[in-house]
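1. Quick check, what structure comes out for this input:
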Amino acid sequence: MSATDATRAEVCVVACADAWRGSGEILAHAVGIVPTIGARLAKLTFEPDLVLTDGDCFLMSEPPPLGRNASAGGTIESWAPFRRVFEILATGRRHSMMGASQIDRFGNQNISSIGDWRRPTRQLIGVRGAPGNTANHRVDYWVGGHSTRVFVEAVDVVSGVGNDRARAQPGGALRFHDLGVVVTDLAVLDYDAEGRLKVRSLHPGVTAAEVAESTGFAIDTGSAGTTRLPTPEELELIRTVLDPQGLRDKEVRS
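-> Residues are numbered from 1 along each chain as shown. Below you'll find the model as predicted:
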């Protein structure tokens, strides 16, 4: 199996997997098809101590194919009721990759609503766990459709706290704030010394101009490299073990 025939979705999977590189024994929280495959791929390859949940109530190793919980094909390591997740979260032993309906240049994230919060034009899922996640542990974001509708000058509601707000917060309430990367269908973004988003790498076939045109604020592409391709071993795991139904291609168009 050749890495050169990897799809865009598979490039995104390994980019998400790499976000957990070096995490060690920590609970991986992945929202979305591509991040979930990425976390499981990391567990099966370069990050064996990563702790996975099946999304129901179990911690697991040897994850089952996407769409099944641990009791239907994985290896159960421990029972993990929802209250235990909060205990883990509050002690920082968790690393999330969440989605973002809007995100600004400082990494402020919105999953709550679109428009004036007093009379929103679109009601989304609410802030959910975003405030607690961004206050307590490492947070990355996954955006399956990189566009100016998502990457905006200012988010309508702050759900996940960005770098500017965290740095302006007095005292130590946000001392564990830690934004990592934003993986999109076009590129991998990270943050400069001032906390602003920049392009770390462009996915194969994507140009800097394409990313700039799809971003609603000025973004630095000057130091961008190229996102790596999956290895043959990683492709084999993605295609035959983790996602044999090809659900990843429903989240990222090739």
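2. So, low pLDDT: which residues of the protein?
-> 1-3 (pLDDT under 70).
3. Would you list the phi and psi of the spatially most central residue of it?
-> Nearest residue to the geometric centre of the chain (C-alpha atoms, centre = their mean): residue 97, 3.1 Å. Phi and psi for residue 97, reported as degrees, to the nearest 10, are phi -120, psi 110.
4. That one reaches residue 39, doesn't it?
-> Yes: using C-beta atoms under 8 Å, residue 97 is in contact with residue 39, at 7.3 Å. For the C-beta atoms, the positions are set from N, CA and C on the backbone; glycine is no exception.
5. which residues are common contacts for the two?
-> Counting by C-beta atoms under 8 Å, 6 or more residues apart in numbering, the common neighbours of residue 97 and residue 39 are 16, 28, 30.
6. in the sheet, who's paired with the second one?
-> By that I understand residue 28. residue 95 (DSSP bridges).
7. Identify the residue nearest residue 109 in space, chain neighbours excluded?
-> Nearest residue to residue 109 in three dimensions, chain neighbours excluded: residue 160, at 3.4 Å (C-beta to C-beta, 6 or more residues apart in numbering).
8. Hmm, that neighbour is touching residue 108, no?
-> Yes: using C-beta under 8 Å, residue 160 is in contact with residue 108, at 6.9 Å.
9. okay, those two: which has more neighbours?
-> residue 160 (29 against 24; other C-beta atoms under 10 Å).
10. contacting residues for residue 71?
-> By C-beta under 8 Å, 6+ apart, the contact set of residue 71 is 54, 58.
11. Could you look up the SS state of it?
-> helix (DSSP: H, G, I helix; E, B strand; the rest coil).
12. measure it to residue 109 for me?
-> According to C-beta to C-beta, to the nearest Å, residue 71 stands 32 Å off from residue 109.
13. same thing with residue 34?
-> Distance from residue 34 to residue 109, by C-beta to C-beta: 17 Å.
14. circling back: can you lay out the shared contacts of residue 97 and residue 39 as CSV showing neighbour count and distance to residue 229?
-> CSV is the format used below for these (neighbours: other C-beta atoms under 10 Å; distance: C-beta to C-beta, whole Å):
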residue, neighbour count, distance to residue 229
16, 25, 14
28, 23, 22
30, 25, 21
